[in-house]
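Enquirer: I would like the atomic coordinates for the input below:
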Amino acid sequence: MKLKAKILNIATKGPYIAILNKVTAAKLNIEPLDRIKIRDGSKKELVVAVDFSYGKKEIAENEIGLFLDVSDILGIRDNELVNASIIPKPVSLEFIKKKLDGHELSKDEMDKIIKDIVNNELTEIESTYFVSGCYIHKLSLDEAAYLTEAILNNGGRLNFSGKTVVDKHSVGGLPANRTTMVITPIIAAAGFYMPKTSTRSITSPAGTSDVMEVLAPVSHSKEKIMDIVKKTNACMVWGGTMDLASADDKLIKLERPLNLDPEGIMLASILAKKASAGASHVIIDIPVGPEAKIKEIKKAKDLAKKFIVLGRRLNMNIKVLLTDGSQPVGNGVGPALEARDVLSVLEGHGPVDLRDKSLYMASMILEMAGVPNSYNKAKNILDSGLALHKMKDIIKAQGGNPKVSSSDIKLGFYTYTFNSGRSGKVSYLSNNLVNKIAKAAGAPFDKGSGLYLHKKLNDKVSVGDPLITIYADNIKKLEYAKSFNLSKVFNFSSREKILIKN
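Expert: Got it, this is the predicted structure:
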């Protein structure tokens, strides 16, 4: 059926949507969320999901409303004639149901699901059922390998032939832990390539991309990423850019509402990002703690083995570190607060735990790459200011201000400091509450929002000492963050009764 295009000033950034008048839809025997193929005069075509308009004023019977995403891809203008035809539901829906029923997927079935997700041929609801199936019925090691390969095969790759490419990744679940942004400039200054592609937040108040975005843009094309790395030896970019491992970011978007992070998808997501960046040597950080994503050493060791086995299938040398996940790494939690911590460490001060963990992991990466005395090498690069200089080079190459310092970072305008009502030594720090409070304040979407921890494990505390400062860009979000039981964030070794004084 030929219809006249009406361009709507609306964009979804996927899935792709078109609007039909209800009468037109009835003629085509189309229901809401059915798929149609739109073809323009130049034979460009795109599969879109259909929604309805019930009034002729919005979309007339001879019209089709196109969201900006669709019109831009097809190059269609207002009033241009296009051909719309109904198409059947994709066969990948059968494979998704197969997984929901608890059956194992084949390599071809997994590839078809991911291809349809990338091409927006599955609706978000349908794709969510895939994530649910992987959550309820865990992926086997073979399925995780198939998923990794499918993400790779349906996305772009970086090719740095002749160069040693290294990388690191944390499985997440721990507030802050922004070691990547300290490690990357150290490794780059040592002469190795580290094209770091990271996610935005999944379950935490900030992901590496959210934090780096405080300092420089993180959304770049594959060509731009290659250029940045060739200039600086490194980059810190968002892995969800449209032509690099795009399936990964789509899956993360589906996981976020319920804080889901199925193990098989996590394994595939991490390794696909590393492989798409061309990494041959990879360090995986698995924080272990009572309120970390991985709570038991046994579980961490099992996960470590899976990373190593899958890495071999992708020709990657992987080393896994089991690290302390009992508390946040650094003091700031939230994009701007974490960016400030990172810059302060590179400037020669800042949180000791963030500095120490970053140096240790950087030395492990250098050791894997064949560098002797790797710890001293990493320490010298950091202490001499070479890492800071390299960070400024990366920021500039990505379009940020290379003159930025830790003191320039803008934090949320509204603040509240919670003080201690007792003396003692900090014996426990709740990662879960820290996450909830920082997110309630607006992180990661409000860059300046989050919280600052004035005390950490084993620190001595006196009555009246500040424990937490909450930052928010919105007064209502600040009040919401304050409504949490802030006294439960810390436990103290002293048995004195807590008296809250603020």
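
Enquirer: what's the next secondary structure element after the helix or strand bottoming out on mean pLDDT in the chain?
Expert: Taking mean pLDDT, DSSP states H and E as the measure, helix 246-255 is the helix or strand of the chain with the lowest mean score, a mean of 79. Next along the chain after helix 246-255, taking DSSP states H and E as the criterion, comes helix 263-276.

Enquirer: Can you report the mean pLDDT over the residues of that following helix?
Expert: For helix 263-276, mean pLDDT is 91.

Enquirer: I'd say V282 and G311 touch.
Expert: Yes - V282 is in contact with G311 according to C-beta atoms under 8 Å; the separation is 6.8 Å. Backbone N, C-alpha and C define where each C-beta goes, glycine included.

Enquirer: Which of the helices or strands spans K425?
Expert: Going by DSSP H and E, K425 is part of strand 424-429.

Enquirer: Not counting that strand itself, show me its contacts.
Expert: With contact meaning C-beta atoms under 8 Å, 6 or more residues apart in numbering, strand 424-429 is reached by 326-328, 453, 455-461, 489-494, 496.

Enquirer: which neighbours do V282 and G311 share?
Expert: N317, I318.

Enquirer: quick revisit: adjacent strands (with direction) for the strand holding K425?
Expert: strand 460-461 (antiparallel), strand 490-492 (antiparallel) (DSSP bridges).

Enquirer: domains of this structure?
Expert: 2-86, 92-137, 166-241+252-406, 414-492 (automatic domain parsing).

Enquirer: looking at those domains, which has the lowest confidence?
Expert: Mean pLDDT values for the domains of the chain show the minimum at domain 2-86, a mean of 88.

Enquirer: Could you tell me which residues make contact with I437?
Expert: L451, I468, I470, A481, F484, L486, V489.

Enquirer: What of S269?
Expert: Applying C-beta under 8 Å, 6+ apart, we find S269 in contact with I151, T199, D248, L251, I252.

Enquirer: sorry, back to before: reformat the strands paired with strand 424-429 as JSON lines; add distance to I395 and mean neighbour count.
Expert: JSON lines is the format used below for the strands paired with strand 424-429 (distance: least, C-beta to C-beta, whole Å; neighbours: other C-beta atoms under 10 Å):
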{"stretch": "strand 460-461", "distance to I395": "36", "mean neighbour count": "16"}
{"stretch": "strand 490-492", "distance to I395": "35", "mean neighbour count": "20"}
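
Enquirer: can you redo these as a markdown table with distance to A443?
Expert: Converted to a markdown table, these look like this (distance: least, C-beta to C-beta, whole Å):
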| stretch | distance to A443 |
| --- | --- |
| strand 460-461 | 25 |
| strand 490-492 | 20 |
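
Enquirer: so which of those strands gets nearest D108?
Expert: strand 490-492 (51.9 Å; C-beta to C-beta).

Enquirer: Show me where the stretch 201-350 of the chain has its strands.
Expert: Listed in chain order, the strands of the stretch 201-350 of the chain (DSSP state E, counting those that start in this stretch) span 234-238, 281-288, 317-324, 332-333.

Enquirer: residues making contact with the second one?
Expert: Counting by C-beta under 8 Å, 6+ apart, strand 281-288 makes contact with 164-171, 173-174, 177, 179, 270, 274, 293-297, 300, 303-304, 307, 311, 316-325, 361, 364-365, 368-369, all of which sit outside it.

Enquirer: How far off centre is the least confident helix or strand of the chain?
Expert: 9 Å (C-alpha atoms, centre = their mean, to the nearest Å).

Enquirer: Check which helices and strands that helix is in contact with.
Expert: Using 3 or more C-beta pairs under 8 Å, 6 or more residues apart in numbering; DSSP states H and E, the elements in contact with helix 246-255 are helix 107-118, helix 124-136, helix 141-153, helix 263-276.

Enquirer: Show me what the first one is packed against.
Expert: Judged by 3+ C-beta pairs under 8 Å, 6+ apart, helix 107-118 is in contact with helix 92-100, helix 124-136, helix 141-153, helix 246-255.

Enquirer: contact partners of the last one?
Expert: Identification of contacts with helix 246-255 by C-beta under 8 Å, 6+ apart yields 14, 114, 117-118, 124, 127-128, 131, 150-151, 154-155, 199-200, 202, 238-240, 261-262, 265, 269, 272-273.

Enquirer: thinking again about what came up before, kindly indicate which of the contacts of S269 lies nearest I87.
Expert: L251 (23.9 Å).

Enquirer: Based on its surroundings, how many neighbours for the closest one?
Expert: When neighbours are counted by other C-beta atoms under 10 Å, L251 registers 29.

Enquirer: What of V166?
Expert: Applying other C-beta under 10 Å, I find that V166 has 29 neighbouring residues.

Enquirer: Using CSV, list the CA coordinates for the one helix or strand it maps to.
Expert: Per DSSP H and E: V166 is located in strand 166-170. This file holds the C-alpha atoms of strand 166-170, laid out as CSV (Å, rounded to 0.1, in the frame of the first residue of the first chain):
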residue,chain,number,x,y,z
VAL,A,166,45.2,-4.7,26.5
ASP,A,167,42.0,-4.2,28.6
LYS,A,168,40.4,-4.6,32.0
HIS,A,169,36.8,-4.9,33.2
SER,A,170,35.0,-5.2,36.4
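
Enquirer: strand partners of it, parallel vs antiparallel please.
Expert: For strand 166-170, using DSSP bridges, the partner strands are strand 281-288 (parallel).

Enquirer: quick check: angle from the strand it pairs with to helix 263-276?
Expert: Angle, strand 281-288 to helix 263-276, by axes from the mean of the first three to the mean of the last three C-alpha atoms, to 10 degrees: 150 degrees.

Enquirer: starting at the chain centroid, how far to strand 281-288?
Expert: 16 Å.

Enquirer: Just want the angle from it to strand 317-324.
Expert: 20 degrees.
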